[in-house]
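Undergrad: just to be clear, the model below is a prediction. Sequence and coordinates:
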Amino acid sequence: MTVAMKMLCVLLCAVFASAEVMPMTDFDLEKMGGKWYLIGFATNAKWFVSHRANMKMGTAVLVPTEEGDLDLTYANLQSDGSCWRMSHLAKKTETPGRFVFHSQRWANDNDMRVVDAKFDDYAIVHTIKTKGDVSEVLNKLYSRTAEITDDLKEKFRQFSLDTGILEEHIAILPANGECSAA
């Protein structure tokens, strides 16, 4: 089997496995709200290989709306002191803990599922990103604090492996300063 065929198999296996990943059964929208640190990042997306070394921990503020949607705002302090920001309105679906949104910035459709959470501690979010006929998996580990336990790192690592992410594409992001309020 050629390297290209192996990569195609890994990507297809990851996408098919992801289609079966369900949100947690006791999802609570209100408890998901608030400030989170984006600590873990795992994806087989090609761009990740060249950007991984420069990635650092960022923050996310999640705000539940009256309609049951989730307003997502990300911020990441860059090495030059500037702040990279991105926002999305994730629309609820019929399945609690599952949201969909279109990213204008990346021109892709996102199917996001909160698969595991202890809302005062951590959340693991699994997203299938689709652009044209290409789908990629992105797993994120959020924490209420900037430090996490080894057990939580391992839980995220194992979940990412189980969803088809290669070991070398799983990152626990290094600490970083925070952006000032916008």
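TA: Structure received. Residues are numbered from 1 along each chain as shown.

Undergrad: if I look at Pro174, how far off is Ala42?
TA: As defined by C-beta to C-beta, to the nearest Å, Pro174 lies at a distance of 15 Å from Ala42. Heads up, the C-betas are built off the backbone N, CA and C, glycines and all.

Undergrad: so between these two, which is more surrounded?
TA: Set Pro174 next to Ala42 and count neighbours by other C-beta atoms under 10 Å: Ala42 wins out with 27 against 9.

Undergrad: what's the average pLDDT for the host helix or strand of the more buried one?
TA: Using DSSP states H and E, Ala42 sits within strand 34-43. In this model, strand 34-43 has a mean pLDDT of 98.

Undergrad: which strands and helices sit next to it?
TA: strand 58-64, strand 134-143, helix 150-162, strand 170-172 (3 or more C-beta pairs under 8 Å, 6 or more residues apart in numbering; DSSP states H and E).

Undergrad: who touches Asp109 in this structure?
TA: 100-103, 129-131 (C-beta atoms under 8 Å, 6 or more residues apart in numbering).

Undergrad: with Pro64 instead?
TA: By C-beta under 8 Å, 6+ apart, the contact set of Pro64 is 29-30, 32-33, 70-71.

Undergrad: Serialize the helices and strands packed on strand 34-43 to CSV and add fields for mean pLDDT and distance to His88.
TA: Shown next, in CSV, are the helices and strands packed on strand 34-43 (pLDDT from 0 to 100; distance: least, C-beta to C-beta, whole Å):
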stretch, mean pLDDT, distance to His88
strand 58-64, 97, 10
strand 134-143, 96, 13
helix 150-162, 97, 22
strand 170-172, 97, 22
